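**Student:** turn this into a structure:
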Amino acid sequence: MKKEILEALKQNKGKFISGEELSIKIGVTRTAIWKHIKQMKEDGYDIDAVSRRGYRLIQEPDTLELNELQIDMKTRLIGSNLIYYPSIDSTNNEAKKEAAAGAPEGTVIIADEQTGGRGRLGRQWVSPKGTGIWMSIILKPELEPAEAAKITQLTAASVATALRNVTGCEAGIKWPNDIIINKKKVCGILTEMSAELNSVNHIIVGMGINVNVDPEEFPEEVRSIATSVKESVGHEIYRKEIVLEILRIFEDLYLDFIRRKSIDKSVGICRKYSVTLGNQVRIISKDKVVYAEAVDLTEDGELLIRNEAGEIEKIISGEVSVRGVSDYI
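**Tutor:** As a prediction, this is how the structure comes out:
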């Protein structure tokens, strides 16, 4: 019932809608409406309640709970099944369990807090309650396992574009899986796969985005290399708007990839917003360290570098640092 009341209030946002009209529209008593409105106000919704005029929604809280997301969701596949947790160890861990249990493609796991968030190479990802977007998407494409890495580039393109569209910040992409603002990391992307020899069972693409995290909330050891959207733009951002925009763009790029078997649209975005290309990079791969210049991306999203001998090489994976970005050593 809360969803129906919220939807009616949002449709009339800024205007009064009477308790009688709400009770008729939803099919419950006016007393039931009043009780739900009271609970919504306790949950952080700013709602005017005026005798003989009714209820008026003034302001919504910064929440990622299902009613808020489902009402405004515009996608068909990605987010068609939403699972929300106030707190969880890791959305990627939960997504793997859900995928193995038969959750449909497009299922999104989202949490207000992660107690065991992970980045690449098993590193901890700090995920304070109510300040970020900790989210994982279950995909079940008909792909060769070798093609799965393209999903990381597709995700990076989606997140960077969404952050720019919603907040106006100059989000950049550090190949292959980091989003950078003001030379510091604001988002990490973790893609994991379950596959057979020639087929993919499922792909889990997770993202952790520092939206309204205050600088002092970062552990001391990462404060010099981590940032948040709030720190960049100078004010808090409604996380829901970013989530919905990410899912909208992701669905467009993903369905295009599945249909055409090409990620050229995503690669074009990654080139446009790259903080890697044209810069000196350090690459650690298989215990080998290479210093080179990043020159381009291939049509499949692989990194092309010019090594110290002046030769062009293709990098498929590795730990990449970019000169001028805070994690470069």
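**Student:** domain ranges for the chain?
**Tutor:** Per automatic domain parsing, the structural domains of the chain span 2-59, 66-272, 280-322.
**Student:** now do the strands in the stretch 1-150 of the chain.
**Tutor:** Counting by DSSP state E, counting those that start in this stretch, one finds strands in the stretch 1-150 of the chain at the ranges 46-50, 54-59, 82-85, 108-111, 132-139.
**Student:** can I get these in CSV including mean neighbour count, distance to Glu217 and mean pLDDT?
**Tutor:** (Each C-beta comes from the backbone N, C-alpha and C, glycine too.) Formatted as CSV, the strands of the stretch 1-150 of the chain follow (neighbours: other Cβ atoms under 10 Å; distance: least, Cβ to Cβ, whole Å; pLDDT from 0 to 100):
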stretch, mean neighbour count, distance to Glu217, mean pLDDT
strand 46-50, 13, 26, 94
strand 54-59, 18, 24, 94
strand 82-85, 18, 20, 96
strand 108-111, 26, 17, 97
strand 132-139, 26, 10, 97
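**Student:** can you redo those as a markdown table with distance to Ile312?
**Tutor:** A markdown table is the format used below for the strands of the stretch 1-150 of the chain (distance: least, Cβ to Cβ, whole Å):
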| stretch | distance to Ile312 |
| --- | --- |
| strand 46-50 | 58 |
| strand 54-59 | 54 |
| strand 82-85 | 44 |
| strand 108-111 | 39 |
| strand 132-139 | 32 |
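**Student:** winner for burial among the domains of the chain?
**Tutor:** Of all the domains of the chain, domain 66-272 has the most neighbours on average by mean count of other Cβ atoms under 10 Å, namely a mean of 19.
**Student:** could you work out the end-to-end span of it for me?
**Tutor:** 34 Å (Cα to Cα, to the nearest Å).
**Student:** same thing with stretch 52-65?
**Tutor:** 31 Å.
**Student:** middle-most residue in this structure, spatially?
**Tutor:** By Cα atoms, centre = their mean, the chain has its centre lying nearest to Met207, at 5.1 Å.
**Student:** quick one: distance of the lengthiest helix in the chain to the chain centre.
**Tutor:** Assignment by DSSP state H gives helix 239-260 as the longest helix of the chain. Centroid displacement of helix 239-260 relative to its chain, using Cα atoms, centre = their mean, to the nearest Å, is 10 Å.
**Student:** and if you look at stretch 174-186?
**Tutor:** 14 Å.
**Student:** next: stretch 265-273.
**Tutor:** Computed by Cα atoms, centre = their mean, the chain-centroid distance of stretch 265-273 equals 17 Å.
**Student:** can you check stretch 9-26 too?
**Tutor:** Worked out by Cα atoms, centre = their mean, stretch 9-26 lies 32 Å from the chain centre.
**Student:** which residues touch it?
**Tutor:** Contact with stretch 9-26 is made by 1, 4-5, 8, 29-30, 32-34, 47-48, 50, 53-58, 60, 71, as judged by Cβ atoms under 8 Å, 6 or more residues apart in numbering.
**Student:** let's see that with 7 Å instead.
**Tutor:** Here stretch 9-26 makes contact (Cβ atoms under 7 Å, 6 or more residues apart in numbering) with 1, 4-5, 8, 29-30, 33-34, 50, 53-57, 71.
**Student:** do the same with stretch 191-202
**Tutor:** Under Cβ under 7 Å, 6+ apart, the answer for stretch 191-202 is 92, 96, 99, 138-141, 143-145, 148, 151-152, 203-205.
**Student:** what about it, average pLDDT?
**Tutor:** For stretch 191-202, mean pLDDT is 94.
**Student:** ends of that stretch, what's the gap?
**Tutor:** Note: stretch 191-202 ends 11 Å apart using Cα to Cα.
**Student:** how distant is that stretch from the center of its chain?
**Tutor:** Centroid displacement of stretch 191-202 relative to its chain, using Cα atoms, centre = their mean, is 22 Å.
**Student:** what's near enough to touch the residue nearest to Lys3 when sequence neighbours are not counted?
**Tutor:** Once flanking residues are discounted, Lys3 sits nearest to Asn67: 4.4 Å by Cβ to Cβ, 6 or more residues apart in numbering. Going by Cβ under 7 Å, 6+ apart, Asn67 touches Lys2, Lys3, Leu6.
**Student:** return the member of the residues you listed nearest to Ser262.
**Tutor:** Taking Cβ to Cβ as the measure, Ser262 lies nearest Lys3 of these, at 38.5 Å.
**Student:** tell me the spacing between that closest one and Ile269.
**Tutor:** Distance, Lys3 to Ile269, by Cβ to Cβ, to the nearest Å: 34 Å.
**Student:** what ranges in the stretch 51-200 of the chain fall below the confidence cut-off?
**Tutor:** 117-126 (pLDDT under 70).
**Student:** how about the helices in it?
**Tutor:** With DSSP state H, counting those that start in this stretch, the ranges of helices along the stretch 51-200 of the chain come out as 66-72, 91-100, 150-167.
**Student:** export these to TSV and tack on distance to Asp112?
**Tutor:** As requested, the helices of the stretch 51-200 of the chain are arranged in TSV below (distance: least, Cβ to Cβ, whole Å):
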stretch	distance to Asp112
helix 66-72	12
helix 91-100	11
helix 150-167	19
